[in-house]
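Student: pasting the structure only:
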Ligand SMILES: Cc1cc2nc3c(=O)[nH]c(=O)nc-3n(C[C@H](O)[C@H](O)[C@H](O)COP(=O)(O)OP(=O)(O)OC[C@H]3O[C@@H](n4cnc5c(N)ncnc54)[C@H](O)[C@@H]3O)c2cc1C
């Protein structure tokens, strides 16, 4: 091991000995633990205040948690520094007077090397390398949620809205580039004043089930890395408490909390003729597939919507015919228009690729029809995007 190495955790890099590196590592751990403890204590207080109906608003809650983290980290750091300074001084003295080892053995990484002169360098080793309290970077939570702010909302039709949201560097969100890229969207009851990102494990322990933020899958419609902005199309439906209801009532300025990017299948777009089908929940994913197709592609896209007025702009290669299929007043999830239309499709004798995303029973029907076509399994991507449950919320 080289005598000096870079210690990166504290802002600018310092060349430090392995021994100092270990010390700094201990300090970093202490600081992290302190921040966590401070955060937990403040959260406990916050939950109590929610119970007493004296909840703070979002900004006050954020400020309180940040202050608690700072105080916890500073206290733990200062305690660890005192102990370490004392320990290092003692062990250094001990080292100076220790007899030379009888046979050469591998020293532990933190042991001083022959050229280390602690008599010269050890005065306040921690003071040399640890930045002043107040300038330390506080530990980040494990990132499994990205918190964006809703910037714009567009109505696509009576049943669908497009929500656009942004944040500097999209709060660390990275696209996986998949055609079916999707995220979990997390929604909390705004009356509870919870501040994202949500510590779901903790909230599940503390809150009744119906108050824990819910999360559901949503296709990433597009990402504009320059702005930077992300767009998701939501079907507006359901009771208060569902994400479908939230999407119809939320306003710009509210948070849009999303998971890191996911994808279910690697959709291959190498067919000669495409058959695409979706209800409103699947239209965003099918729209992305249409945009990804070669401009010369041939096929048909069946898009189920509530009525004839619900059509909106969907880009597609000129050789792929768009057919908007109206449910004609039937409730979502109760129509068979997609499977009915598929049965009567004239199909060319060429390699056919099928992609369908819709309500569970509709997908089952589509699957029955497609099985009769005897296609290569790798050319069919059918997935159920939601399940009709009579008026019930699903967590
Ligand atoms: C990979 C993937 C990508 C998806 N992408 C999108 C997307 O881009 N846009 C989108 O809107 N949805 C999308 N969905 C579907 C979405 O996740 C579900 O509709 C989800 O159940 C909605 O949650 P909720 O909280 O609103 O309703 P839930 O609590 O799940 O359900 C409450 C009630 O609403 C009904 N319901 C649920 N979804 C719908 C619906 N779409 N239309 C009518 N009634 C419904 C249920 O039957 C139930 O009665 C996607 C699903 C998957 C798996």
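Tutor: Yes, it's here. Predicted model only: the values in this text are computed from it and were never measured.
Student: just the buried positions in the lengthiest strand in the chain, please.
Tutor: Taking DSSP state E as the criterion, the chain has its longest strand at strand 146-157. By neighbour count on 16 or more other CB atoms under 10 Å, the buried set for strand 146-157 is 146, 147, 148, 150, 151, 153, 156, 157. Backbone N, C-alpha and C define where each C-beta goes, glycine included.
Student: any bit of that strand sitting next to the ligand?
Tutor: No - Strand 146-157 lies out of reach of the ligand by CB under 6 Å from any ligand atom, never closer than 10.6 Å.
Student: what are the pairing partners of the next helix or strand after that strand, and which direction each?
Tutor: Per DSSP states H and E, the first helix or strand lying C-terminal to strand 146-157 is strand 160-166. Partner strands and pairing direction for strand 160-166 (DSSP bridges) are strand 146-157 (antiparallel), strand 229-235 (antiparallel).
Student: now strand 160-166: mean pLDDT?
Tutor: Mean pLDDT, computed over strand 160-166, is 98.
Student: what's the closest of the strands paired with strand 160-166 to residue 195?
Tutor: Proximity to residue 195 (CB to CB) singles out strand 146-157 among these, at 9.0 Å.
Student: could you give the mean pLDDT of the closest one?
Tutor: Taken as a whole, strand 146-157 has an average pLDDT of 98.
Student: check stretch 243-250 too.
Tutor: Average pLDDT, stretch 243-250: 98.
Student: and this protein, which residues reach the ligand?
Tutor: For the chain, the residues in contact with the ligand (CB under 6 Å from any ligand atom) are 182, 214, 216-219, 233-235, 237-238, 242-244, 264, 281, 284, 332-333, 385-389, 391-394.
Student: put the buried members of the residues you listed into a PyMOL selection.
Tutor: Selecting only the buried entries of those in PyMOL, with 16+ other CB under 10 Å as the criterion:
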select buried, resi 182+214+216+218+219+233+234+235+237+238+242+243+244+281+284+332+333+385+386
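Student: in helices only, show me the residues of the chain next to the ligand.
Tutor: Counting by DSSP state H, the part of the residues of the chain next to the ligand found in helices is 243, 244, 284.
Student: of those residues, which is the nearest to residue 42?
Tutor: Distances from residue 42 to those, taken by CB to CB, are shortest for residue 243, at 28.7 Å.
Student: is it true that the closest one touches residue 214?
Tutor: Yes - using CB atoms under 8 Å, residue 243 and residue 214 qualify as a contacting pair, with a distance of 6.4 Å.
Student: name the residues contacting each of these two.
Tutor: Counting by CB atoms under 8 Å, 6 or more residues apart in numbering, the residues touching both residue 243 and residue 214 are residue 187.
Student: now distance to residue 259 too, for the strands paired with strand 160-166, in CSV please.
Tutor: CSV is the format used below for the strands paired with strand 160-166 (distance: least, CB to CB, whole Å):
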stretch, distance to residue 259
strand 146-157, 8
strand 229-235, 12
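Student: among those, which is nearest residue 194?
Tutor: Of all these, strand 146-157 sits nearest to residue 194, with 11.7 Å by CB to CB.
Student: quick check: closest non-adjacent residue to residue 384.
Tutor: Closest residue to residue 384 apart from its sequence neighbours, by CB to CB, 6 or more residues apart in numbering: residue 360 at 4.0 Å.
Student: residue 202 now?
Tutor: Closest residue to residue 202 apart from its sequence neighbours, by CB to CB, 6+ apart: residue 43 at 7.3 Å.
Student: name the element the one you found belongs to?
Tutor: Using DSSP H and E, residue 43 maps to helix 18-51.
Student: thinking again about what came up before, of all the strands paired with strand 160-166, which one comes closest to residue 206?
Tutor: Closest to residue 206 of the strands paired with strand 160-166, according to CB to CB: strand 146-157, at 20.3 Å.
Student: hmm, back to that, let me see the contact set for the residue nearest to residue 384.
Tutor: 384, 386, 387, 388.
Student: quick one: the first one and residue 185, what's the gap?
Tutor: What that stands for is residue 384. Note on residue 384: its distance to residue 185, by CB to CB, to the nearest Å, is 18 Å.
Student: so between those two, which is more surrounded?
Tutor: Taking neighbours as other CB atoms under 10 Å, residue 384 and residue 185 compare with residue 185 leading, 21 against 18.
Student: now the more buried one, which residues is it bridged with?
Tutor: Beta-bridge pairing for residue 185 (DSSP bridges): residue 216, residue 258.
Student: list the contacts of it.
Tutor: By CB under 8 Å, 6+ apart, residue 185 lies in contact with 215, 216, 217, 218, 232, 243, 256, 257, 258.
Student: contact partners for residue 211?
Tutor: Per CB under 8 Å, 6+ apart, neighbours of residue 211: 189, 192, 203.
Student: recalculate using a threshold of 10 Å.
Tutor: By CB atoms under 10 Å, 6 or more residues apart in numbering, the contact list for residue 211 reads 50, 188, 189, 191, 192, 194, 203, 204, 241.
Student: now do residue 72, the pLDDT please.
Tutor: We have a pLDDT of 70 for residue 72.
Student: ignoring the adjacent residues along the chain, who's closest to it?
Tutor: Once flanking residues are discounted, residue 72 sits nearest to residue 38: 2.2 Å by CB to CB, 6+ apart.
Student: with respect to residue 248, which of the contacts of residue 360 is nearest?
Tutor: Set against residue 248, the nearest of those by CB to CB is residue 386 (16.0 Å).
Student: show me the beta-bridge partners of that closest one.
Tutor: residue 359.
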